[in-house]
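Q: Fold the following, please.
(chains A and B)
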Amino acid sequence: MHDAFHEKTLATLARLARLRIDPGEAAELREKLELVIESLRRLDELELDDVEPMTHADAGRNRLDEDVPEPAMAVDELLRNAPATEGRHIAVPKVIDAGREDGDESSHDHRGRP
Amino acid sequence: MLPYRTISAYVEAVRAGRTTARQMVDATLAQIDAQNSRLNAYREVFTEEARAAANRIDEHMARGADPGPLAGAPISIKDNIATTLGRTSAGSKMLADYRSPFNATAVERLIDAGAIIIGKVQCDEFGMGSSGENCAFGPTRNPHDTDRVPGGSSSGAAAAVAAGLCLASIGSDTGGSVRLPASFCGVVGVKPTYGRVSRYGLVAYGSSLDCIGPITNSVADAAQLLQIMSGHDPRDSTSSTRDVFDFTKEIERPGKPMRLGVPKKARSDKNDDAVNDAFARAVDHFRASGAEIIDVDFGLADYGLATYYVLAPAEASSNLARYDGIRYGHRAEPVAGDSLEDLYARTRAEGFGEEVKRRIMLGTFVLSAGYHDAYYVKALKARRLIHDAFTEVFSRCDAMITPTASMPAFRIGERADPIRMYQCDRYTVNANIAGICAMSLPAGTIEQDGSSLPFGVQLQAPVFAEMTLLRIARQLEESQPSWAGRES
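A: Predicted coordinates:
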């Protein structure tokens, strides 16, 4: 347990979190994370073997609502917050490999949507 | 100073024809104008919209129509709660220009009850902070001493209420974010039971912990706002279908004497000495106001912080994955040769502040393969133990009392180390972990370095026992009006 954070490099976590960490901020970030993770080891003092995990504070039962169609928000309204648009579409950088544009669809490379 | 300090005093006056909604709004705008540059409580003020709304309410009343229970009371909204007016930025550069196409359910209900939304108030980024310093739009200052923090994350909300820049504010509380600033600023703050108030329109941080709650200058005002905002909302499946009490009426009814539990850790060497002293005085006053005080054992309280700082970042790392610069929010300038993934990573690096990045990384770590069981599952089990410990305590008393925080408001910049900052939440996180209701109530002052700083006492009660909390608070407020700043 003790060296947990050292084994995972900051880079691996940053990739999983889709965060670019500047080389200048990496050392401090790592140091502070290690401090926090160290403090979380407090939980090791508890006897937890036979305890059922509690995933939610909501003690009520899950409830199914009637499936009733409702008006949706206007597209124009929703597009107002998009960083870039083209017509009624959200514009994004090219996600399909340029060299394979004439290839069959299944070979297109949709890179890493989180 | 505003001509009225509480919603109830204003509503009584406006109904009696002694003032108008427009006069109240203008007085509030004048106060904001005079004080906001010093406090940075407001991110945005809706001057014209508020005046127009006040005029409508006055015309409405002139025709003899009912203006609703809030009758034009000016109320501010934390920047992480959606309003169609202005921006909803959650204190983040990521959402600096985000305009919500809808109102949060809580906001909608307040407007329907006659509230005037006077502006949006600053907060720690995405609710992640205990001081109000982690805000992309600058730190908010404590009106009692502007060198000090107002507490967070509902920093602007508590500062605005304390300084008289609105009659009340709506904040959110994931680990203490309503109660801590209420304590530091000397105002009332309620974190309702999980599910009591709809979270629809609240920018998600830790979805199993997040609650919307009122910050006010009196217990009666908190009861009123809670009553208006509570109740089932089809748009939030975790919102409770339980009936909502008539809190406003019920708190004035004499109830049975309450039994209050004081855990041993309520007085602690981890607290400032002045906090231990102020808490002892508060316990005496509860006793004098008719409550029975018993000792209770809540040893697990010490594990709350470690539990919280696994669960909240884990949920945050998942919730904040939505900010990728594609559909809304900040997008980094595209660079030739970037993959889509590079764009996500640069967008998020530019849009998020330091503390948010740290919590996303921490959450990613505790959820990652190999560490999930050692941290996340362990914290979920500790959550069960904390929940069960509360059940045990509440079998012996109506509510548990502690200080809201181990210290009064500290100086801006004094707690840059995250561990020291997280310790501000040691008394408040447990209520969110267990889902119970809690509140902070002004309970005297602490003299420190020439400043008179507010001290807050925290009341915690079982799920859906808001009525108990409010009754106890009302009794104390009545027996000690000066504590709530309600002399004369």
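
Q: what residue ranges in the chain score low on pLDDT?
A: By default, I'm working from chain A. Chain A contains residues with pLDDT under 70 at A:1-8, A:58-61, A:97-114.

Q: ah, I was thinking of chain B
A: Scanning chain B for pLDDT under 70 picks out B:481-488.

Q: I'd like the distance from the residue of it found nearest chain A to B:Arg384, if you could.
A: Nearest to chain A in chain B, going by Cβ to the nearest Cβ, is B:Gly435, at a distance of 2.7 Å. Where C-beta positions appear, they are placed from N, C-alpha and C, glycine not excepted. Counting by Cβ to Cβ, to the nearest Å, the separation of B:Gly435 from B:Arg384 is 12 Å.

Q: Neighbour count for the two, which is higher?
A: B:Gly435 (24 against 18; other Cβ atoms under 10 Å in any protein chain shown).

Q: wait, the more buried one sits on A:Ala57?
A: Yes. The criterion here is Cβ atoms under 8 Å, and B:Gly435 meets it with A:Ala57 at 2.7 Å.

Q: tell me, what residue is most central in chain B?
A: B:Val178 (1.9 Å; Cα atoms, centre = their mean).

Q: Now for that residue: which residues touch it?
A: B:154, B:157, B:171-172, B:189-191, B:211, B:213-215, B:440 (Cβ atoms under 8 Å, 6 or more residues apart in numbering or on different chains).

Q: Make CSV out of the residues you listed and add secondary structure, distance to B:Val121 and neighbour count.
A: Output for the contacts of B:Val178, formatted as CSV (DSSP: H, G, I helix; E, B strand; the rest coil; distance: Cβ to Cβ, whole Å; neighbours: other Cβ atoms under 10 Å in any protein chain shown):
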residue, secondary structure, distance to B:Val121, neighbour count
B:Ser154, coil, 8, 38
B:Ala157, helix, 5, 40
B:Gly171, strand, 8, 33
B:Ser172, strand, 11, 27
B:Gly189, strand, 13, 35
B:Val190, strand, 17, 32
B:Lys191, strand, 17, 34
B:Cys211, strand, 17, 26
B:Gly213, strand, 14, 30
B:Pro214, strand, 13, 33
B:Ile215, strand, 9, 34
B:Ser440, strand, 17, 36
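
Q: which one of those residues sits closest to B:Asn271?
A: The closest of the contacts of B:Val178 to B:Asn271 turns out to be B:Ser440 (Cβ to Cβ; 15.2 Å).

Q: and the closest one, bridged to which residues?
A: B:Gly189, B:Gln458 (DSSP bridges).

Q: residue contacts, it?
A: B:178-180, B:182-183, B:188-189, B:404, B:456-458.

Q: Closest to B:Ile7 out of those?
A: B:Val188 (11.6 Å).

Q: Tell me how many other residues crowd the closest one.
A: 31.

Q: Identify the residues contacting it.
A: B:Val188 touches B:182, B:214-219, B:221-222, B:439-442, B:473, B:484, counting by Cβ under 8 Å, 6+ apart.

Q: what about B:Ser8, how many residues close to it?
A: B:Ser8 has 20 nearby residues by other Cβ under 10 Å.

Q: How about it: what's its closest non-neighbour residue?
A: Spatial nearest neighbour of B:Ser8, chain neighbours left out: B:Ala220 (5.2 Å); criterion: Cβ to Cβ, 6 or more residues apart in numbering or on different chains.

Q: Same question for B:Ala266.
A: Nearest to B:Ala266 is B:Thr402, by Cβ to Cβ, 6+ apart, at 4.3 Å.

Q: Around the one you found, count how many other residues there are.
A: Neighbour tally, B:Thr402, other Cβ under 10 Å: 27.

Q: so when I look at it, I'm seeing a helix, right?
A: No. Checked against DSSP: H, G, I helix; E, B strand; the rest coil, B:Thr402 lies outside a helix; its state is strand.

Q: Over to the residue in chain A that chain B sits nearest to. Which of the three states is it?
A: Nearest to chain B in chain A, going by Cβ to the nearest Cβ, is A:Ala57, at a distance of 2.7 Å. Assigned with three-state DSSP, A:Ala57 falls in the coil class.
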